[in-house]
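Engineer: give the three-dimensional model of this entry:
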Amino acid sequence: MGYRGWVGKLLKIDLSSGQVAQEALREELAYDYLGGRGMNVRLLYDETGTRTKALEPDNVLIISAGPFVGTELPTANRGVMTTKSPLSYYAMSLFGGFFAPEMKFAGYDTIVIRGRAKKPSLIWVNNGVVKIDEASDLWGLGTYETEERIRKKYGEKVRTACIGPGGENLVKFASIRVGERTAGRGGVGAVMGSKNLKAVVVRGDLPVKVSDESTLKEIVRGLLKEIREKPPLRPQFADYGTLEAHEIVNGLGILPSRNWQSGVMGHIEEISLENFLKYRIKKHLACYRCPVMCTNTFVINRGEYGGKPTDGPEYETVAAFGGMVALRSPESIIYANQLCNDLGLDTISTGCAIAFGQECFEKGLITKEFAGFEDFSFVNANNDAPLEMIKRIAYRKGEFARLLGEGVKIASERIGRRGEEIAVQVKGLTPGMYDPRGAVGMALIYAISNRGACHHSQGYTVKKEVAENTRFDPTNKGNIVKDLAQYRILVDTLTFCGFLTAHFEWKISPILQAITGRAFSNEELKTISDRINNLERLYLVREGVTRKDDSLPPRFEKEPLPEGVAEGKTVKRADFEKMLDEYYSACGWDGNGIPKDETLKRLNLQR
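Structural biologist: As a prediction, this is how the structure comes out:
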């Protein structure tokens, strides 16, 4: 097959045996699943089974890019990492930057890694030549120093995906640092650590060929013009990225605070955008082929990172540490962000785990002796105990840190019933930073998301609900979420930046044809997206997931928001069940969340 858009090669590596194999990309894999998220779940479903354990050698870590990546298309730079999750069931983690295009330039659409190396190792991919090198000298290092040493050894132009001590020590929500971006959710870093794999390093000069260069250039010119005239999300987005969103979300009364006890951060003035900007030294840090350049660079004066520039933090991190953990200064939040990035921890999950621990401390569910702190409360959050806890979690130091490093679900189960009552998670994953009691569509998103509670993988309703004044109205939300998920999945499959989805909308068909030479109608693309969603669901069903797992934490149903414009609101059980039924029906699933036979037949899937 003469591919365009796709490189046409898969790389399979078994770290246990040291075997490296290349496979031609099959037509049905390319045309039925496209790339990225879709290709990954097909491979994961086929390469693993119910007996596969997340942190055992037979699990696979799959890294893929879509057919858009490496072309001239704006923001076509995303990669996807997929694996059986040690935290929930299914981990699908996205990242931007430059690694995914470089992987294609190095000769591969996908890298599939299984096994466990005998010694700490790294994978070196250089223009189609693949080596497994020992990396014992890198083991134990943070991601910043790891990448610096790799560049010195392999060249300044290489692109790196690596883990820190969090992944090495198998913290269940460990992340993989990818240049200045992160594959954060689902514990992908722990899976990488379980394989004794410190890093994947890629370098390449091979072109990604497209079918119709002149048409693609014309499309790119139009998109760039549209992006300039109508910036994504908000007019300030290019200047601040998502950083200024915490003030907006706080005003809506849905910024999670003190382990979801409130939707309002009482100290918002102390960590305002204006105060964050005092630490900004540079703006407009970009991913590959990005005209928006939404990331800022900051520097702080404290700790081991004092004086060192760092990217971010973004909204989710500010909310996780400013709202959930109640840190009260921009400098402490930036420091928390640096610690997580360097130690290799997901900022959302880390903030949620620490906040859960703080509430357990305040409610007397754990002792001072067990906590290892004289005071681990929200009131005294700025005594640096939460920052110290980030380090302890990464190094598994102390009983409490080891417990929190298992994730909120397991930690709450071990603490007991009162711990489970205040634990906020779905299928093992803690939610993104939007309280669904004040935006009811997010309750459904969190419940049905295939990777666990997530503000991304199946869509995001808050913007639509606010614009249409339907935040508290469950009407038609099941169908709305089905449509949002259909488009979101396609974005993650092709793979381009989610912030620009409004500019692409369903213009994808002519773009895809210009790149690949294959005509896909919008209806065909929707079918492909439905196929991916249903295969992800089949994977979960195979793991034992049913309707009972598409549920919400007790807090969202039983505890009304105590303040703000959403004061008094909960997610009513009857409303939630109605939305869930509606979503199942729209997907072609039965009342227990199992895809029906006729749905699978239409999508050419088998159980």
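Engineer: just checking, what packs against the helix or strand where Lys225 lies?
Structural biologist: In the assignment (DSSP states H and E), Lys225 maps to helix 213-229. In terms of contacts (3 or more Cβ pairs under 8 Å, 6 or more residues apart in numbering; DSSP states H and E), helix 213-229 is packed against helix 501-504, helix 508-516. Using the backbone N, CA and C atoms, a C-beta is placed for each residue, glycine as well.
Engineer: which ones are touching Arg602?
Structural biologist: Contact analysis of Arg602 by Cβ atoms under 8 Å, 6 or more residues apart in numbering lists Thr527, Gly588.
Engineer: how close does it sit to Ile113?
Structural biologist: In this view, Arg602 and Ile113 are 33 Å apart by Cβ to Cβ, to the nearest Å.
Engineer: same question, Gly459
Structural biologist: 29 Å.
Engineer: looking at these two, which is more packed in?
Structural biologist: Gly459 (27 against 22; other Cβ atoms under 10 Å).
Engineer: and that one, what is it in contact with?
Structural biologist: Counting by Cβ under 8 Å, 6+ apart, Gly459 has contacts Ile445, Val481, Leu484, Ala485, Tyr487, Arg488.
Engineer: mind giving me the PyMOL select for these, buried ones only?
Structural biologist: Buried residues within the contacts of Gly459, by 16 or more other Cβ atoms under 10 Å, are selected in PyMOL with:
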select buried, resi 445+481+484+485+487+488
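Engineer: any idea which of the contacts of Gly459 is closest to Gly251?
Structural biologist: Ile445 (20.9 Å; Cβ to Cβ).
Engineer: and that closest one, that one's in a helix?
Structural biologist: Yes. Assessed by DSSP: H, G, I helix; E, B strand; the rest coil, Ile445 belongs to a helix.
Engineer: look up the pLDDT of it for me, please.
Structural biologist: Looking at Ile445, its pLDDT is 97.
Engineer: what's the following helix or strand after the strand or helix carrying Lys409?
Structural biologist: Assigned by DSSP H and E, Lys409 falls within helix 408-415. Sequence order places helix 417-422 as the next helix or strand after helix 408-415, per DSSP H and E.
Engineer: with just CA atoms, put that following helix into PDB.
Structural biologist: Extracted C-alpha coordinates of helix 417-422, given in PDB (Å, rounded to 0.1, in the frame of the first residue of the first chain):
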ATOM      1  CA  ARG A 417     -16.400   3.500  54.700                       C
ATOM      2  CA  ARG A 418     -16.000   7.100  55.900                       C
ATOM      3  CA  GLY A 419     -13.000   7.400  53.500                       C
ATOM      4  CA  GLU A 420     -15.100   6.100  50.600                       C
ATOM      5  CA  GLU A 421     -17.900   8.600  51.300                       C
ATOM      6  CA  ILE A 422     -15.500  11.500  50.700                       C
END
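Engineer: which neighbouring elements make contact with that helix?
Structural biologist: Packed next to helix 417-422, using 3+ Cβ pairs under 8 Å, 6+ apart, are helix 347-362, helix 408-415, helix 554-558.
Engineer: now, of these, which is deepest in the fold?
Structural biologist: Stretch with highest mean neighbour count among these: helix 347-362 (a mean of 27; mean count of other Cβ atoms under 10 Å).
Engineer: would you tell me what the next helix or strand after that one is?
Structural biologist: With DSSP H and E, the next secondary element past helix 347-362 is helix 368-371.
Engineer: show the average pLDDT along the helix or strand just after that following helix.
Structural biologist: As assigned by DSSP H and E, the chain's next helix or strand after helix 368-371 is helix 385-395. Helix 385-395 carries an average pLDDT of 97.
Engineer: helix 385-395 to helix 347-362, inter-axis angle?
Structural biologist: 120 degrees (axes from the mean of the first three to the mean of the last three Cα atoms, to 10 degrees).
Engineer: can you list contacts of helix 385-395?
Structural biologist: Contacts for helix 385-395 (Cβ under 8 Å, 6+ apart): 164-166, 169, 171, 303, 321, 325, 327, 332, 335-336, 339-340, 343-345, 350, 353-354, 357-358, 372-373, 375-376, 397-398, 400-401, 404-405.
Engineer: what's the local residue count around Glu505?
Structural biologist: Counted with other Cβ under 10 Å, Glu505 comes out at 9.
Engineer: for the one 10 residues further on, same thing?
Structural biologist: One way to gauge burial is a neighbour count; for Ile515, by other Cβ under 10 Å, it gives 29.
Engineer: hang on, the earlier thing: quick check: the farthest pair among the contacts of Gly459?
Structural biologist: It's Ile445 and Tyr487 that sit farthest apart of those, by Cβ to Cβ, at 13.5 Å.
Engineer: returning to that earlier point: which of the contacts of Gly459 lies closest to Lys118?
Structural biologist: Arg488 (40.2 Å).
Engineer: that closest one contacts Gly498, correct?
Structural biologist: Yes. Arg488 is within contact range of Gly498, at 7.3 Å (criterion: Cβ atoms under 8 Å).
Engineer: format the helices and strands packed on helix 417-422 as CSV; extra columns: distance to Ile511 and mean pLDDT.
Structural biologist: Shown next, in CSV, are those (distance: least, Cβ to Cβ, whole Å; pLDDT from 0 to 100):
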stretch, distance to Ile511, mean pLDDT
helix 347-362, 31, 98
helix 408-415, 40, 98
helix 554-558, 39, 97
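Engineer: of the ones you listed, which is nearest His503?
Structural biologist: Taking the helices and strands packed on helix 417-422 one by one with Cβ to Cβ, helix 347-362 is closest: 26.2 Å.
Engineer: for that closest one, packing partners?
Structural biologist: Using 3+ Cβ pairs under 8 Å, 6+ apart as the test, helix 347-362 ends up in contact with helix 315-318, helix 330-343, helix 385-395, helix 399-404, helix 408-415, helix 417-422.
Engineer: can you list contacts of the shortest one?
Structural biologist: With Cβ under 8 Å, 6+ apart as the test, helix 315-318 has contacts from 242-243, 245-246, 249, 271, 276, 333, 336-337, 340, 347-348, 351, 432-433, 455.
Engineer: drop anything exposed from the residues you listed.
Structural biologist: When the contacts of helix 315-318 are checked for burial by 16+ other Cβ under 10 Å, the buried set is 242-243, 245-246, 249, 271, 276, 333, 336-337, 340, 347-348, 351, 432-433, 455.
Engineer: in the helix or strand bottoming out on mean pLDDT in the chain, what counts as buried?
Structural biologist: The weakest-scoring helix or strand in the chain, judged by mean pLDDT, DSSP states H and E, is helix 501-504 (a mean of 76). By neighbour count with 16+ other Cβ under 10 Å, helix 501-504 contains the buried residues Thr501, His503, Phe504.
Engineer: so which elements touch the longest helix along the chain?
Structural biologist: Longest helix of the chain, by residue count under DSSP state H: helix 522-542. Under the contact definition 3+ Cβ pairs under 8 Å, 6+ apart, helix 522-542 sits against helix 27-33, helix 36-47, strand 90-95, helix 477-494, helix 508-516, helix 573-587, helix 597-602.
Engineer: dump it to CSV, keeping only the CA atoms.
Structural biologist: Presented in CSV, the C-alpha positions along helix 522-542 are these (Å, rounded to 0.1, in the frame of the first residue of the first chain):
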residue,chain,number,x,y,z
ASN,A,522,-18.6,12.9,7.4
GLU,A,523,-20.9,10.0,7.9
GLU,A,524,-18.0,7.6,7.5
LEU,A,525,-15.9,9.6,9.9
LYS,A,526,-18.8,9.4,12.5
THR,A,527,-18.9,5.7,12.0
ILE,A,528,-15.2,5.4,12.6
SER,A,529,-15.5,7.4,15.8
ASP,A,530,-18.5,5.2,16.9
ARG,A,531,-16.4,2.1,16.2
ILE,A,532,-13.6,3.4,18.4
ASN,A,533,-15.9,4.4,21.2
ASN,A,534,-17.6,1.0,21.1
LEU,A,535,-14.3,-0.9,21.0
GLU,A,536,-13.1,1.1,24.1
ARG,A,537,-16.4,0.1,25.7
LEU,A,538,-15.9,-3.5,24.7
TYR,A,539,-12.5,-3.4,26.4
LEU,A,540,-14.1,-2.1,29.6
VAL,A,541,-16.9,-4.7,29.4
ARG,A,542,-14.3,-7.4,29.0
